[in-house]
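S.K.: Okay, predicted coordinates and the sequence, questions at the end:
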Amino acid sequence: MRMNYALVSLIGFIVGVTSYYYLGKPIEVVRTIEVDKYITVEKVLEVEVPKIVEKEVVVKVPVTQTVTQTRIIYMPSKGKSQVNSEELECMTLNIYREANNQSVAGMIAVARVVMNRVQNRRYPGSPCEVIYEGPIRESWKTKKNPDLKKEDRIYNPVRHKCQFSWYCDGKVDEVINKKDNIKWKIAEDIAFQVLAYDKWNGMVEGATHYHATYVSPKWRHTLRLVGKIDDHIFYRQE
């Protein structure tokens, strides 16, 4: 058994020497293994941080405020035998211009319409203001003079824009003979009774409008019909 082992070793030695001599230096075989490596990269994002600016802010809080408006209106004296002469003139003139061809009842009705408007918040608070209510424009006679004072300028009502047609119908009104004109005297007496004693209050049931029977204004459809006296139809604004 020993001889066999020695013999095998000798043969191996001889073969090795022979191989080195004929074949040269043994070749080293190197095996390269590629290994995938995964690297986690953390990316830092640069974010611009806005600057904090301190600013004083004024907050307006709505305040509820009750405003009381006082409306001053003309009130009949009811016992005193004197009335404002200007108001008396306005009322008399309006009664005469609007109803001098009507009966006494028709003339009274016109006066009561004026007073009903005075007592209504939709209209001015005095007879003269009610009668002459409406837009006005300056006359060309004074408008062309820039140096004229305001109190010297002439203003006329815009045609067909006033409350009572006689005041802005564009026609020249007749000169009234107040001394001998019976219709004027009746109109003046009615005006005095209404302004001083509030006579015939309720006669036309609070009517604020009227028109002649020969015209048909569109506004009549928006009002309540009260009645007819002579040539006038009366309405009330609710």
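M.R.: Right, received. Where do you want to start?

S.K.: Low-confidence bits of this protein, can you list those?
M.R.: Residue ranges of the chain with pLDDT under 70: 1-69, 79-80.

S.K.: could you pull out the helices for it?
M.R.: Assigned helices in the chain, in chain order: 2-23, 85-99, 104-118, 127-131, 140-143, 182-197 (criterion: DSSP state H).

S.K.: quick one: which of these is nearest residue 155?
M.R.: Taking Cβ to Cβ, helix 140-143 is the member of those nearest to residue 155, at 8.5 Å. Every C-beta, even on glycine, is put in place using the N, C-alpha and C of the backbone.

S.K.: Now render the helices of the chain as TSV, adding distance to residue 152 and mean neighbour count.
M.R.: Formatted as TSV, the helices of the chain follow (distance: least, Cβ to Cβ, whole Å; neighbours: other Cβ atoms under 10 Å):
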stretch	distance to residue 152	mean neighbour count
helix 2-23	142	9
helix 85-99	21	21
helix 104-118	30	22
helix 127-131	22	22
helix 140-143	7	12
helix 182-197	30	19
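
S.K.: Same list, these, but as TSV with distance to residue 215 please.
M.R.: Formatted as TSV, the helices of the chain follow (distance: least, Cβ to Cβ, whole Å):
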stretch	distance to residue 215
helix 2-23	141
helix 85-99	14
helix 104-118	16
helix 127-131	20
helix 140-143	30
helix 182-197	23
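
S.K.: wait, which of these is closest to residue 231?
M.R.: With Cβ to Cβ as the measure, helix 104-118 is the member of the helices of the chain nearest residue 231 (7.4 Å).

S.K.: what residues does that closest one touch?
M.R.: Contact with helix 104-118 is made by 73-74, 91, 94-95, 98-100, 102, 123-127, 130-131, 163, 186-187, 190-191, 194, 198, 200-201, 203-204, 206-210, 229-232, 234, as judged by Cβ atoms under 8 Å, 6 or more residues apart in numbering.

S.K.: Try it again at 6 Å.
M.R.: 73-74, 95, 98-99, 123, 127, 130, 190, 194, 200, 203-204, 206-208, 229-230 (Cβ atoms under 6 Å, 6 or more residues apart in numbering).
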